[in-house]
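> Using only what follows, build the 3D model:
(2 chains)
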Amino acid sequence: MAVQAAVGDRIVIKSHRIGEPDRDCEVLAVRGADGGPPYAVRWDDSGQEGLFFPGSDATVQHFEHVTS
Amino acid sequence: MQTIDALRRSGVGIEPGQTIREAAALMESAGVGSLAVLDGTTVIGIVTDRDLVRRGMALGLPLDARVDAVMSSRVVTISADADLHEAFSVFRTHGVRRLAVVRDGAFAGMITVDDLLVDLADDLVDLSRPIDAEIRAAYHDGAVPATT
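This next block holds a predicted model:
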């Protein structure tokens, strides 16, 4: 389970119950080594921040991080 | 199978000084019923939705009370690379419903009895397939020729 993410990536957590929506959050900081977990995240629906440890229900959506 | 490979749900952590309102909001946003209370990467407690009700709301704690006031500080842990059978054994021995999975002392996730039950159910379905096939498409051996 080698998950890697960068600041600004989005993590989507698949719903575990029928009728419940998937959840998603934005990576604010990477606390592990080499892009690994844990991640400080902000949850999309509530704006709450917390530490996230991705399991098999989570997928990382990488984005191009362009610096200008 | 290693315990870390059996984690079905992502783990969510909260710091001990955050409030029970934040804990409830985190649970709702992440769709989980429990949070690891972390001092750095070390798990020092677990707080469940039930803790928020029994130790928070029922006792009239304000929503800005610290989450470590309602957490369970008795945390049973298991190593991430421990064999899954060891997790069964720990659940049986300690009578808990969730274990904090740790790697090199740092929190890595939470495994619950429910996760193991789902895995067991899947295993039982796999085991029953040959029997099921035998019942639905029975194969009958031909009669043994009579010899005298």
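> Show the contacting residues for the residue nearest the centre of chain A.
With distances taken as CA atoms, centre = their mean, the residue of chain A nearest its centroid is A:I11 (3.0 Å). Under the criterion of CB atoms under 8 Å, 6 or more residues apart in numbering or on different chains, the contact partners of A:I11 comprise A:5, A:24-27, A:39, A:41, A:52, A:54, A:58-61. Backbone N, C-alpha and C define where each C-beta goes, glycine included.
> buried subset of those?
Of all the contacts of A:I11 considered here, the ones buried according to neighbour count by 16 or more other CB atoms under 10 Å in any protein chain shown are A:5, A:24-27, A:39, A:41, A:52, A:54, A:58, A:60.
> Secondary structure element holding B:V144?
In this structure, B:V144 is located outside every helix and strand according to DSSP states H and E.
> What segments of chain A are strands?
A:10-13, A:23-30, A:39-43, A:49-53, A:58-61 (DSSP state E).
> rewinding a little: contacts with chain B among the buried ones among the contacts of A:I11, please.
When these are checked against chain B using CB under 8 Å from any CB of the partner chain, the ones in range are A:25, A:52, A:54, A:58.
> Which of those sits closest to A:A33?
Ranked by distance to A:A33 (CB to CB), those are led by A:P54 at 15.1 Å.
> so where do the strands sit in chain B?
B:11-14, B:34-39, B:42-48, B:77-79, B:98-103, B:106-112.
> Check which residues of the helix-or-strand element of chain B with minimal mean pLDDT are buried.
Sorted by mean pLDDT, DSSP states H and E, the helices and strands of chain B end with helix B:113-136, the least confident at a mean of 82. Residues of helix B:113-136 classed as buried under the neighbour-count rule (16+ other CB under 10 Å) are B:115-116.
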